[in-house]
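Colleague: Have a look at this fold, sequence not included:
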């Protein structure tokens, strides 16, 4: 069983008082939208949330997702990852990890990685562009869960990817789906202008 872990515990510090995960995409907050896309795969979906942003939890109201509270989220992304991995159901055979600030990732993208995992269950799968520029999401088989539990700081799973580069397989996704993350009001403005 594949679980999807959405990392949504960051501080949105570059939004100058706003919250990028509450920006509207297709009529709903980005966080809700991304969770719904993940749910369409039929996978178990968990969302790592900080304890000090209740509006993010409210944005997920009524959705069948597991909430993972990350009390030490300010200490870096590794804390969200560790909390999320610890909360995975016992039968989880692989986890697909995605940052919550990537509005172009689709259910089809998640299904692409899922299908590839069925064909190559031992590889770490990483979303990429058609020119093989690596991005997200990243799918880790269960044998890497212990390594993910040991992470520290704010570099995410970079160290695990680096240490196991020989089994990382890049999976091309459409356009820049794997790369587009929006951290500032200007990036949001430019992205919206490009959608029109």
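Modeller: In hand now; what should we look at? As the structure is a computational prediction, the values presented were derived from the model and not from experiment.

Colleague: buried sites along the helix or strand hosting residue 58?
Modeller: Assessed by DSSP states H and E, residue 58 sits inside helix 54-59. For helix 54-59, a neighbour-count test (16 or more other Cβ atoms under 10 Å) marks 56-57, 59 as buried. In this view, the C-beta of every residue, glycine as well, is placed from N, C-alpha and C.

Colleague: Could you point out the helix or strand that follows that helix?
Modeller: strand 66-70.

Colleague: Could I get the buried residue list for that next one?
Modeller: Buried, per 16+ other Cβ under 10 Å, within strand 66-70: 68, 70.

Colleague: hmm, who's touching the helix holding residue 58?
Modeller: With Cβ atoms under 8 Å, 6 or more residues apart in numbering as the test, helix 54-59 has contacts from 8, 19, 21-22, 28-29, 31-32, 49-50, 67.

Colleague: So which of those residues sit within helices?
Modeller: With DSSP state H as the criterion, helices contain 31-32 from among these.

Colleague: Quick one: low-confidence residue ranges for the protein.
Modeller: 12, 17, 72-76, 154 (pLDDT under 70).

Colleague: one more time with 80, if that's ok
Modeller: 10-18, 71-79, 152-156, 196 (pLDDT under 80).

Colleague: Next, give phi and psi for residue 178.
Modeller: With angles defined as degrees, to the nearest 10, residue 178 sits at phi -80, psi -10.

Colleague: From residue 195, how far off is the closest residue to it other than its chain neighbours?
Modeller: What sits nearest to residue 178 in space, not counting adjacent residues and going by Cβ to Cβ, 6 or more residues apart in numbering, is residue 135, at 3.1 Å. Taking Cβ to Cβ, to the nearest Å as the measure, residue 135 falls 19 Å from residue 195.

Colleague: and if you look at residue 123?
Modeller: Counting by Cβ to Cβ, the gap from residue 123 to residue 195 is 33 Å.

Colleague: These two - which one has more neighbours?
Modeller: Each of residue 123 and residue 195 has its neighbours counted (other Cβ atoms under 10 Å); residue 123 has more, 19 against 8.

Colleague: Pick the one among the buried residues of helix 54-59 closest to residue 108.
Modeller: Proximity of those to residue 108 (Cβ to Cβ) peaks at residue 59, which lies at 22.8 Å.
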